Structures are given as C-alpha cells and as structure tokens.
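>>> please find the sequence and the predicted model below.
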Amino acid sequence: MSELISKYLPNVANLGWTGDSGWGTALFQTIFMTFWPAVIGGLLGLIFGLALVLTKDGGILANRAWFNLCDKIVSFFRAIPFIILLAFIAPFTQLVVGTQIGTTAALVPLSLGVFPFFARSPFRIGPCLHGDLDQPDWFNGDGRCDRRWWLGEHRHCLWLQPV
C-alpha cells in the first residue's frame with residue numbers, strides 16, 4: 001500500500017506521520033475539532049432544547065418571553081451558513097480563546113454552528129431534546145405525565161395527572 005501511495009501520490013507520502021503537517025497531526029486535529037464541538041454543542045443544544053419544551057405554551061414552565069427568546073436564538077444560529085457565522089463571531093472567538101486561527105479557535109464557531117441542530121433534533125437521540133419531548137404521543141398518549149416524571153416532577157405528576 002505504501003508503494004502505491006509513493007508511486008501515485010509522492011507529495012502525500014513525503015509528509016509522513018509526524019511534524020506540523022504530518023498525517024498523525026492532521027488526524028488528531030480532525031478528531032479534536034469533531035469531538036469537542038459535539039460535546040459543547042450537544043450540551044448547549046440540550047439546554048436550549050429543554051428551555052424550548054419547558055417554556056412553550058402548555059409546557060411545565062410556560063413563559064412566552066423566554067420561549068420566544070430561545071426560539072429566536074436557535075432559529076438565528078440555525079439559519080446562518082457556517083462560513084458567515086465564522087466571520088460573524090470572529091471577535092467573540094478572539095475574546096474567548098485569544099486567537100482567531102487554529103484548531104482551538106475553530107471550536108467556538110463549530111460549537112455554535114451545531115447546537116441549534118441538537119436543540120431541534122427530530123431524531124430519537126435522548127429523552128431531553130426538543131424533538132423528543134415535543135412529541136404528543138410520548139409513552140402514554142398525551143405525554144405530559146411522563147415528561148414531568150423524567151424532568152423530576154414526581155409528586156405533581158403521580159398525584160395530579162391520570163396515568
């Protein structure tokens with residue numbers, strides 16, 4: 001295999017596995033820029049997804065102002081193409097990380113670019129995302145009792161809501 005790469009891709013073969021432009025460094029940077037934005041964006045998405053479900057009309061903590069604020073933030077970041085987001089939040093990235101260039105600086109726009117998709121995920125990833133909790137037929141028909149139970153409102157759910 002290495003002979004095939006050396007024959008047809010000599011510049012790639014000369015890079016090697018080590019050094020600033022080596023294969024090992026590039027692989028580590030790719031995993032670094034994939035893992036941390038998924039974790040940070042997932043946590044932000046979880047927070048905003050819960051806020052959207054809890055504060056919507058008919059939610060456990062119904063609050064139209066908070067729902068509208070969270071909804072606008074999620075919709076705003078979801079609608080912006082990534083390259084525009086990258087340039088738009090460059091000063092914020094400079095403030096948070098101290099630089100606008102490099103793998104660490106890429107974590108900020110990548111995390112902010114992915115969190116709205118976690119918050120409004122239509123997939124069945126976990127019980128605390130907006131796409132899951134907002135389904136009307138969650139477990140027992142209306143889903144209200146089960147959502148309250150999962151979110152820690154055991155006493156209110158079990159005594160006041162029919163199962």
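Happy to help now that I have it. On a predicted model such as this, the values are computed, not experimentally measured, just so you know.

>>> next SSE after the longest helix along the chain?
Taking DSSP state H as the criterion, the chain has its longest helix at helix 23-55. Note on helix 23-55: by DSSP states H and E, the next helix or strand toward the C-terminus is helix 64-79.

>>> and that following helix, what does it pack against?
Applying 3 or more Cβ pairs under 8 Å, 6 or more residues apart in numbering; DSSP states H and E, one finds that helix 64-79 makes contact with helix 23-55, helix 103-119. Yep, even glycine has a C-beta here, placed from its N, CA and C like the rest.

>>> which of the ones you listed is buried the deepest?
helix 103-119 (a mean of 21; mean count of other Cβ atoms under 10 Å).

>>> tell me which residues are up against the host helix or strand of residue 86.
Element membership for residue 86 (DSSP H and E) is helix 82-88. Residues outside helix 82-88 that contact it (Cβ atoms under 8 Å, 6 or more residues apart in numbering): 77, 80, 109, 112, 113.

>>> repeat the analysis, applying 7 Å as the threshold.
Contact with helix 82-88 is made by 80, 109, 112, 113, as judged by Cβ atoms under 7 Å, 6 or more residues apart in numbering.
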